Structure formats: structure tokens, C-alpha cells
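sequence unavailable; structure follows:
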């Protein structure tokens, strides 16, 4: 799970040039992961962050809403596979918390570098946190 990359200003902004570079960098970070599905909220900035990885894997970006993160987490737990999920500064750590059973703090508005990896094996979740620094 990652927060969208750097965004421009406005109500539903697109990514900045640095944000586009970060989205491409994420593709490289995930090159050894068997990503089979890519999920994103419906904003331009999240879809633009998710699209390079989805294109690299030949899958569509599947949209979800943060209105029912509990339900989305439950749905994800029922699936098999490895997924990229792109959301926001509050919903990304909230979803990581729901999936891992550990409390993750909200991200600062200026923090675009956190990546959360949750692996669930036999019902037991393990969370690892990475930086998308480039």
C-alpha cells in the first residue's frame, strides 16, 4: 500500500513532475513482486500513481472507495495474490492497520515516501514498512 505520489494544488489535482517520477520508481521497487491486481481510489492523483504499475503488469486499475475501509480490508483478506493499493495520507495507514492488526499513524501531508507491505499467511499478518525514496 502506498499513498499517492506528489500532487499539484486543487480539488482533484494531478501529479507533479516529481510525482510522476515517483510513480515510475514504484514500478521498479515492485519488479520482483508478483502483482496481480492494482487498486486505487477514484482521484486523479491515486490513479496516476497506480497506472504505471498496472500497465507494467498488464492489469486494469480497479477503483475502490475509502467510505468502507473495513469492508474493503475484509474483501482483500478473502483474496489470494499480491496487490498494489494506492490511497491517501489517512486511508493508506488505516488500511495497513486493518490488514495487519497493528496501529499505524496517519501520514504527514508532506510524506509521500511510505510504503506498507502486509503479508497474510494462515491468518497471521506481518507488516513491513519501506521508503519510496529515489
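Perfect, thanks for sending it. All values derive from a computational prediction rather than experimental measurement.

quick one: residue 73 and residue 57, what's the gap?
The span separating residue 73 from residue 57 equals 22 Å under the rule Cβ to Cβ, to the nearest Å. No exception for glycine: its C-beta is placed from N, CA and C like everyone else's.

report the contact partners of residue 115.
If a contact means Cβ atoms under 8 Å, 6 or more residues apart in numbering, then residue 115 has 1-2, 26, 29, 129-132 as its contacts.

quick check on those: which are buried?
Applying 16 or more other Cβ atoms under 10 Å to the contacts of residue 115, the neighbour count classes 1-2, 26, 29, 132 as buried.

these in strands, which ones?
Here DSSP state E is the test, and the buried ones among the contacts of residue 115 give residue 2 as lying in strands.

farthest pair in the buried ones among the contacts of residue 115?
For the buried ones among the contacts of residue 115, with distances taken as Cβ to Cβ, the pair at the greatest spread is 1 and 29 (12.8 Å).

residue 66 - nearest residue in space that isn't next to it in sequence?
Distances taken as Cβ to Cβ, 6 or more residues apart in numbering put residue 91 closest to residue 66, at 4.3 Å, once the chain neighbours are dropped.

which phi and psi does that neighbour have?
The phi and psi values for residue 91, taken as degrees, to the nearest 10, are phi -80, psi -30.

from the buried ones among the contacts of residue 115, which is closest to residue 119?
Within these, proximity to residue 119 (Cβ to Cβ) peaks at residue 1, which comes in at 12.1 Å.

against residue 21, how distant is that closest one?
Applying Cβ to Cβ to residue 1 and residue 21 gives a distance of 20 Å.

with residue 12 instead?
Applying Cβ to Cβ, the value for residue 12 to residue 21 is 21 Å.

look at these two and report which has more neighbours.
For residue 12 and residue 21, the more surrounded residue by other Cβ atoms under 10 Å is residue 21, and the numbers stand at 14 against 9.

good, wrapping up.
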